[in-house]
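Trainee: Provided below for reference: sequence and predicted model.
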Amino acid sequence: MAKNTIRDVAKLAGVSISTVSRILNNHERVRNISESIRSHVLSCARELDYVPNANARRVFAHRSWIVGLLIPSYHQMRRHIFEDGHLCRLLSGLEDGLSKGPYRLLLLFNDERFRTQREYVSLLQSQTIDGLLVWGAQPSESYWLETLGQPLPLLFLVTVPGTLEQGWRYIVNDTQASTRAAFESLLAKGHRRLLYLHVTSAAVVFIEQQMMAVLPELRREHPEAVIEEQTAREDSSQPLDMEIFGTPEAPTAIVTYNHNLADLVIRQLQAEGLRVPQDVEVLSGYSYSKGSLCLPRVVVDDFAIGRQAAQDIQQLIDQPELMVQRRYPATLKPRETV
């Protein structure tokens with residue numbers, strides 16, 4: 001038995017083929033169609049058991065109705081990517097943002113083939129997807145410069161290759177503002193010897209650069225305070241170099257890159273007989289809205305970024321000349337104990 005076509009639906013409903021297409025594809029011009037006609041067309045489609053042909057939809061609308069999301073591969077991150085809570089929250093925001101529209105999300109991995117065979121160029125020039133979201137790009141990925149000026153909408157999320165000033169479209173956390181707020185909250189409490197504990201992982205270079213860019217400014221603005229830096233010992237349950245503790249130069253407050261590092265720092269300090277926060281206060285940067293630790297922390301809203309990204313990429317598909325550059329504020333959550 002032959003399948004019913006869009007022509008059959010239009011004939012049964014007594015409307016044009018283009019009207020049926022706009023209604024079934026949830027086209028923006030459907031707003032010009034009355035609710036009674038829309039309901040009638042949908043009823044006729046159900047009566048005929050009509051299923052839209054994906055290829056026909058693409059040809060008619062010049063769209064694939066697919067948005068790509070590119071994320072780092074396991075070999076690039078050196079860890080299981082979906083163990084990253086920030087990405088999982090962002091995915092939930094994307095799902096929420098795309099759920100009411102016609103687009104579906106296609107997951108892509110930034111593996112070795114993607115880079116060495118320049119698949120990033122062919123992907124942007126093909127009609128496989130209508131727009132590309134990129135999560136996890138880092139300053140060392142200079143190959144992205146080839147994509148500047150390409151017709152396909154490209155939007156970087158949370159991080160960008162190179163710097164923010166290179167003309168990318170992006171939605172990122174306002175990391176510098178939140179890092180400044182974190183240190184200034186500790187300075188306001190009277191701390192005058194502070195330590196920033198950072199990491200060296202290639203997967204977090206962009207965010208680390210944004211955080212560390214604030215330190216020289218704070219030193220100039222607060223000459224009465226000493227703000228030092230220390231690199232966390234990699235893959236260690238004891239990330240701090242404890243030699244400085246027990247001396248007059250010991251820091252009274254520590255800001256860590258994220259909450260996982262803060263957890264290790266607190267355990268290490270307590271194992272050495274130091275009380276947190278009475279002897280040393282610990283504040284976590286780049287954290288989730290919910291955490292296992294009851295400590296001061298900077299909370300970033302990955303869900304909101306994902307939802308905004310879904311809205312922005314759809315707008316860029318319709319208006320590719322737009323320039324999207326957003327910095328999402330983080331929230332400093334003060335706590336009294338750990």
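Mentor: Great, that's in hand.
Trainee: Could you tell me which other helices and strands the longest helix seen in the chain packs against?
Mentor: What stands out as the longest helix in the chain, according to DSSP state H, is helix 302-318. In terms of contacts (3 or more Cβ pairs under 8 Å, 6 or more residues apart in numbering; DSSP states H and E), helix 302-318 is packed against strand 66-72, helix 85-98, strand 131-135, strand 154-157, strand 170-173, strand 325-328. From N, CA and C alone the C-beta is placed, and that goes for glycine too.
Trainee: Quick one: these as a markdown table, columns for mean neighbour count and distance to Arg220 too.
Mentor: Listed next are those as a markdown table, based on neighbours: other Cβ atoms under 10 Å; distance: least, Cβ to Cβ, whole Å:
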| stretch | mean neighbour count | distance to Arg220 |
| --- | --- | --- |
| strand 66-72 | 22 | 36 |
| helix 85-98 | 19 | 31 |
| strand 131-135 | 24 | 34 |
| strand 154-157 | 24 | 30 |
| strand 170-173 | 22 | 24 |
| strand 325-328 | 15 | 22 |
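Trainee: can you tell me which of these comes nearest to Arg335?
Mentor: Minimum separation from Arg335 across the helices and strands packed on helix 302-318 (Cβ to Cβ) falls at helix 85-98, 19.0 Å.
Trainee: now the angle from the closest one to helix 302-318?
Mentor: Angle, helix 85-98 to helix 302-318, by axes from the mean of the first three to the mean of the last three Cα atoms, to 10 degrees: 50 degrees.
Trainee: where do the helices sit along the stretch 151-300 of the chain?
Mentor: 175-188, 205-212, 214-221, 259-271 (DSSP state H, counting those that start in this stretch).
Trainee: Tell me which residues of the longest helix of the chain come out buried.
Mentor: The neighbour-count criterion (16 or more other Cβ atoms under 10 Å) identifies 302-310, 312-314, 316-317 as the buried residues of helix 302-318.
Trainee: Quick one: residues contacting the closest residue to Gln138 other than its chain neighbours.
Mentor: Nearest residue to Gln138 in three dimensions, chain neighbours excluded: Val205, at 5.0 Å (Cβ to Cβ, 6 or more residues apart in numbering). Counting by Cβ atoms under 8 Å, 6 or more residues apart in numbering, Val205 touches 138-140.
Trainee: Columns mean pLDDT and distance to Leu108 on top of the helices and strands packed on helix 302-318, output as CSV?
Mentor: Conversion of the helices and strands packed on helix 302-318 to CSV gives the following (pLDDT from 0 to 100; distance: least, Cβ to Cβ, whole Å):
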stretch, mean pLDDT, distance to Leu108
strand 66-72, 92, 5
helix 85-98, 94, 13
strand 131-135, 94, 8
strand 154-157, 95, 13
strand 170-173, 96, 18
strand 325-328, 95, 23
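Trainee: Throw those into JSON lines and include distance to Leu187, thanks.
Mentor: Converted to JSON lines, those look like this (distance: least, Cβ to Cβ, whole Å):
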{"stretch": "strand 66-72", "distance to Leu187": "36"}
{"stretch": "helix 85-98", "distance to Leu187": "27"}
{"stretch": "strand 131-135", "distance to Leu187": "33"}
{"stretch": "strand 154-157", "distance to Leu187": "32"}
{"stretch": "strand 170-173", "distance to Leu187": "22"}
{"stretch": "strand 325-328", "distance to Leu187": "23"}
